[in-house]
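**Student:** Quick one: sequence and predicted model below, then my questions.
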Amino acid sequence: QVQLVESGGGLVQAGGSLRLSCAASGRTFSRYTMGWFRQAAGKEREFVAAIGWSHGSRYADFVKGRSTISRDNVKNMVSLQMNSLKPEDTAVYYCAASDLGVIRDSGTDYRFWGQGTQVTVSS
């Protein structure tokens, strides 16, 4: 069982930056692939980024080059640094954990989810 708690969301102007963090409980955190997803109002949830146990990563095309996912297996934390934010990045961002052992970009492959943190980017 893994419990996830996100933090770091907020209101930022377009072009600004935010760093989202996700604190995970559990002794086997390092075994999980950790992902970030987002869901904007009226839209389906979509993949943002994921990082595997060996720190390999994958990004959605819309964040490539302006976001970085990282993890600290000692502190049981995963972070998403987002730069050059755009109004279309406005969404609730969710942290998720997958025990499949490979990086996946489908939410159905992630078993554990946090409650989400709101990111609002003003124009």
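**Tutor:** That came in fine, so what should we check first? Numbers count the residues shown, from 1 in each chain.
**Student:** make it CA atoms for all contacts and neighbour counts henceforth
**Tutor:** Will do.
**Student:** where's the residue lying closest to residue 88 once chain neighbours are set aside, which helix or strand?
**Tutor:** Distance criterion C-alpha to C-alpha, 6 or more residues apart in numbering; nearest residue to residue 88, sequence neighbours excluded, is residue 121 at 7.5 Å. Per DSSP states H and E, residue 121 falls inside strand 117-122.
**Student:** Name the strands paired with that strand and say parallel or antiparallel.
**Tutor:** Strand pairing for strand 117-122, determined by DSSP bridges: strand 10-13 (parallel), strand 91-98 (antiparallel).
**Student:** The most centrally placed residue in the chain: which element?
**Tutor:** In the chain, the C-alpha closest to the average C-alpha coordinate belongs to residue 36, at a distance of 2.2 Å (C-alpha atoms, centre = their mean). Here residue 36, judged by DSSP H and E, is contained in strand 33-39.
**Student:** if we look at that strand, which residues are touching it?
**Tutor:** Contact with strand 33-39 is made by 45-53, 78, 80, 91-103, 105, 107, as judged by C-alpha atoms under 8 Å, 6 or more residues apart in numbering.
**Student:** Please apply the same query to stretch 4-23.
**Tutor:** Contacts of stretch 4-23 (C-alpha under 8 Å, 6+ apart): 24-25, 76-87, 94-96, 112-123.
**Student:** I'd guess residue 69 is in a helix, am I close?
**Tutor:** No - applying DSSP: H, G, I helix; E, B strand; the rest coil, one finds residue 69 to be strand, outside a helix.
**Student:** What is the neighbour count of it?
**Tutor:** 24 (other C-alpha atoms under 10 Å).
**Student:** residues touching it, list them.
**Tutor:** With C-alpha under 8 Å, 6+ apart, residue 69 has these contacts: 49-51, 57, 78-81.
**Student:** Show me the beta-bridge partners of it.
**Tutor:** Note on residue 69: beta-bridge partners by DSSP bridges are residue 80.
**Student:** if I look at it, how far off is residue 7?
**Tutor:** 14 Å (C-alpha to C-alpha, to the nearest Å).
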